[in-house]
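Engineer: what follows is a predicted protein model with its sequence.
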Amino acid sequence: MINTIILDPGHGGILNGKYQTEGKQYHFEDGTSIYEGEVNRGIAFRLAEMLVSDGIPFYYACDLSHDTSLSNRVHYANSLVTNLKKKPSEFLYLSIHCNAGHGHGFEVYTSIGDTLADKIAETFIDEFEDSYKHLGITGRYDYLDGDKDKESNFFVLSRTKMPAILTENLFFDNPIEAEYLLDPTMRALIAGMHYDAIKKVIKGNI
Ligand SMILES: [Zn+2]
């Protein structure tokens, strides 16, 4: 049963005015710039506040500003299993990203194959569908394995010992969705849907 969350906001943040990641950014013609790692952190920090207010234990897999390598993120997450003397199935590794490629909508990824993460991903997708409905934002699905989550060999999904999912929260290089991602109210909404899904996963004894 999941009782501890590992937050993994993807890429780096902005440190002393400098974005810590090469790429993973977009500059629109109107002069607006967006840095994925900063958005991922904006969402994760709000989610962390919600977890704190509810007393749900969580850890960050990465530095809050620097861009921690994927192997260090995974190594830290896996070390928690030993250090906290908990079972891997008591953790949820939650990687938070935004998408690129000028598409639209959200995606939820798990590792390849049917694992505990698939059930968790399904709970997140249901929550995201409900929360985004009023904005007309929909999910991008892959039904090849019979469910809506996408499956990938992403390092943080395949190398973590615990159930792991990765959320792609809209497209940062799509002008409409970039505007959403830069909006503090929308970041709080996205954090809130992650939080509600976490609560359902914990309550549902997944
Ligand atoms: Zn990313």
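Structural biologist: Arrived safely, thanks for sending.

Engineer: for the rest of this, base every contact and every neighbour count on C-alpha atoms.
Structural biologist: Fine.

Engineer: quick check: beta-bridge partners of N169?
Structural biologist: Per DSSP bridges, the residues bridged to N169 are F106.

Engineer: T21 and R73, how far apart?
Structural biologist: T21 sits 15 Å away from R73, going by CA to CA, to the nearest Å.

Engineer: show me which of these two is the more surrounded one.
Structural biologist: R73 (23 against 18; other CA atoms under 10 Å).

Engineer: looking at it, that one is touching Y59, isn't it?
Structural biologist: No: using CA atoms under 8 Å, R73 makes no contact with Y59, being 11.0 Å away.

Engineer: low-confidence ranges, the protein, go.
Structural biologist: Nowhere does the chain drop to pLDDT under 70.

Engineer: can you give me the helices in it?
Structural biologist: 36-54, 70-83, 116-132, 155-158, 175-182, 184-203 (DSSP state H).

Engineer: closest one to H104 among the ones you listed?
Structural biologist: Among the helices of the chain, helix 175-182 comes nearest to H104, with 7.3 Å by CA to CA.

Engineer: buried residues in that closest one?
Structural biologist: Neighbour counts using 16 or more other CA atoms under 10 Å place 177-178, 180-182 of helix 175-182 among the buried residues.

Engineer: stretch 181-191 too?
Structural biologist: Neighbour-count burial for stretch 181-191 [16+ other CA under 10 Å]: 181-182, 187-191.

Engineer: over to stretch 66-86?
Structural biologist: Buried positions in stretch 66-86, judged by neighbour count with 16+ other CA under 10 Å: 66-68, 70, 73-78, 80-81.

Engineer: and stretch 20-33, by the same measure?
Structural biologist: Neighbour count says stretch 20-33 has 20-21, 24-26 buried, by 16+ other CA under 10 Å.

Engineer: sounds good, over and out.
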